[in-house]
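[1] dropping the sequence and predicted coords here.
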Amino acid sequence: MERQEEKTLTCPKCGSTMEKVDFQSIVVDRCGGCHGMWFDNLEHEKLKQLEGSESIDDGDPAVGKTFDK
């Protein structure tokens, strides 16, 4: 079977490239520009249950607001 190449994701908020961030086997997408986090189904609920998971949220809310429409 042929292996599918992983597509590079683009942040829907600011247009920068998304990066994969792994926290205790839960992988979320985080923007390299505005540092917004984008979750697949129920990932945010699983992370809330893990102590220390807030450490992967290193974005500045003020920066995120500049991209709000």
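    Received, thanks.
[2] and the contacts of the helix or strand of the chain with the lowest mean pLDDT?
    In the chain, no helix or strand scores lower on mean pLDDT, DSSP states H and E than helix 61-66, which sits at a mean of 78. For helix 61-66, the external contacting residues (Cβ atoms under 8 Å, 6 or more residues apart in numbering) are 13, 34-36. Where you see a C-beta, it was placed from the backbone N, CA and C, and this is true even at glycine.
[3] pLDDT for those residues - can I get that in JSON lines?
    Shown next, in JSON lines, are those (pLDDT from 0 to 100):
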{"residue": "13", "pLDDT": "88"}
{"residue": "34", "pLDDT": "91"}
{"residue": "35", "pLDDT": "91"}
{"residue": "36", "pLDDT": "89"}
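[4] now the two most distant members of those.
    Spatially, the most separated pair among the contacts of helix 61-66 is 13 and 35, at 10.1 Å (Cβ to Cβ).
[5] end to end on stretch 26-38, go ahead and measure it.
    Stretch 26-38 has an end-to-end distance of 12 Å (Cα to Cα, to the nearest Å).
[6] buried stuff in it?
    Buried residues in stretch 26-38, counted by 16 or more other Cβ atoms under 10 Å: 26, 28-31, 33-37.
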